[in-house]
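**Q** Any chance you can model this:
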Amino acid sequence: MAKFGKWIGSGLGWAVAGPIGALLGFAVGSVIDSKLDEGEDSYQRAAGYSSKPGDFGAALLVLVASVMKADGRVLKVELEYIKKFFKKQFGTERTRQHMLMLRDLLKQDIPLEKVCLQIKAYTMYPARLQLLHLLFGVASADAEVHKSELDVISKIASILGIQQKDYQSIKAMFLSEVDGDYKILEISKSATNEDVKKAYRKMAVKYHPDKVAHMGEEYKDSAKEKFQKVQEAYENIKKQRGMN
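**A** All right, here's what the predicted structure looks like:
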C-alpha cells in the first residue's frame with residue numbers, strides 16, 4: 001500500500017505555515033508513514049507536532065538542519081547541543097518532537113532562501129540575531145567551525161538581512177580571531193578609550209536579554225550568553241589598555 005502521509009503533511013504544512021511548515025509537515029508525514037517501524041508512541045509524538053509562520057522553534061529547527069548538513073556529516077555532539085538547548089527551552093516532550101523532526105529534516109533538501117525569507121518576514125531583527133547566535137553554537141559544538149558550515153551561516157545571515165557588522169560581532173564570539181574583542185564591540189583597535197566605552201554601552205543595549213523578551217522568558221537564558229560575551233570583550237579591552 002502506498003504511503004502518502006509525508007506528501008499530505010507537506011501540502012497541509014505549506015498551506016498553514018509556508019515553506020517551513022511544508023518541510024516540517026513532510027517530516028511529520030514521514031514519521032506517520034513509518035509508524036509501524038517506529039512504534040505508536042513515536043507516531044503520537046510526531047502527529048502532535050504543529051507550527052505557524054512565526055514559530056521561532058520551527059525556524060531554528062530548519063536552519064539547524066541546514067548547518068548540520070553543510071559539512072556532510074552529523075555529529076553526536078551537535079545533536080546533543082541542540083537537544084540540550086531545546087530541552088531547556090521547551091521541555092522534555094516538545095524536545096522529543098523536535099528531535100524526531102530534525103532527524104527527518106536532515107534527509108530533506110532544504111530551500112534555504114525561501115525558508116530564510118519566511119523567517120525574515122515574521123521575526124524582528126533581535127530575534128534573527130538570536131537565531132544566528134544559536135547557529136554558531138551548533139556549528140562550534142565540536143570545537144571547530146568548518147568552512148562549509150561558515151558558508152551556510154553566512155548565506156543565512158545575508159538572506160535574513162543581518163548587517164555585516166552584526167554578523168562579524170557574533171562570529172567573533174565563537175571563532176578566535178585577531179582583535180576579536182574589538183570585533184565583538186563593532187569597533188577597530190584604533191578606537192579611543194571613550195569610543196570603547198560608547199561601543200560597550202551601545203552593544204549592551206543591543207544584546208540585552210530584554211530584547212528577546214517578546215519571544216518568551218525561555219529565550220532569555222540563551223540571550224544572556226551573547227550579552228556576557230559583550231561584557232567579557234569589554235573587560236578584556238579595559239585590561240589590555242589599563243582603563244578604569
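
**Q** could you point out which element follows the strand or helix carrying residue 138?
**A** Assigned by DSSP states H and E, residue 138 belongs to helix 125-139. Per DSSP H and E, the first helix or strand lying C-terminal to helix 125-139 is helix 147-159.

**Q** Can you verify my assumption that residue 81 contacts residue 141?
**A** Yes. The pair residue 81 / residue 141 is scored as a contact, 3.9 Å apart, by Cβ atoms under 8 Å. Just so you know, the C-beta spots here come from the backbone N, C-alpha and C atoms, and that holds for glycine as well.

**Q** what's the weakest-modelled helix or strand in this protein?
**A** helix 40-47 (a mean of 43; mean pLDDT, DSSP states H and E).

**Q** Average pLDDT for the helix holding residue 138, rounded please.
**A** For helix 125-139, mean pLDDT rounds to 88.

**Q** Can you give me the domain assignment for the protein?
**A** What the record gives for the chain is the domain set 1-162, 164-244, from automatic domain parsing.

**Q** can you pull out the strands in the protein?
**A** Applying DSSP state E to the chain gives no strands.

**Q** so where's it uncertain?
**A** The chain contains residues with pLDDT under 70 at 1-17, 24-55, 212, 214-219.

**Q** Tell me where it has helices.
**A** Applying DSSP state H to the chain gives helices spanning 5-33, 35-38, 40-47, 56-70, 76-90, 92-105, 112-122, 125-139, 147-159, 164-174, 180-184, 193-206, 220-241.

**Q** how about those, which one is nearest residue 213?
**A** helix 220-241 (7.0 Å; Cβ to Cβ).

**Q** Next, the angle from the closest one to helix 76-90.
**A** Relative orientation of helix 220-241 versus helix 76-90 (axes from the mean of the first three to the mean of the last three Cα atoms, to 10 degrees): 110 degrees.

**Q** Give me the distance from helix 220-241 to the chain's centre.
**A** In this view, helix 220-241 has its centroid 20 Å away from the chain centroid, taken as Cα atoms, centre = their mean, to the nearest Å.

**Q** same deal with stretch 94-106?
**A** With Cα atoms, centre = their mean, you get 15 Å for stretch 94-106.

**Q** mind saving the C-alpha coords of that stretch as PDB?
**A** Provided in PDB are the C-alpha atoms of stretch 94-106 (Å, rounded to 0.1, in the frame of the first residue of the first chain):
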ATOM      1  CA  ARG A  94       8.500  19.100  23.000                       C
ATOM      2  CA  THR A  95      12.100  18.200  22.600                       C
ATOM      3  CA  ARG A  96      11.200  14.700  21.600                       C
ATOM      4  CA  GLN A  97       9.000  16.100  18.900                       C
ATOM      5  CA  HIS A  98      11.800  18.500  17.800                       C
ATOM      6  CA  MET A  99      14.400  15.700  17.600                       C
ATOM      7  CA  LEU A 100      12.100  13.500  15.600                       C
ATOM      8  CA  MET A 101      11.500  16.300  13.200                       C
ATOM      9  CA  LEU A 102      15.200  17.100  13.000                       C
ATOM     10  CA  ARG A 103      16.000  13.500  12.100                       C
ATOM     11  CA  ASP A 104      13.800  13.700   9.000                       C
ATOM     12  CA  LEU A 105      14.800  17.300   8.100                       C
ATOM     13  CA  LEU A 106      18.400  16.100   7.800                       C
END
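
**Q** The nearest residue to residue 166 once chain neighbours are set aside and residue 187, how far apart?
**A** Excluding the flanking residues, the one nearest residue 166 by Cβ to Cβ, 6 or more residues apart in numbering is residue 129, at 6.1 Å. As judged by Cβ to Cβ, to the nearest Å, residue 129 and residue 187 stand 18 Å apart.

**Q** How about residue 235?
**A** Computed with Cβ to Cβ, the distance linking residue 235 and residue 187 is 15 Å.
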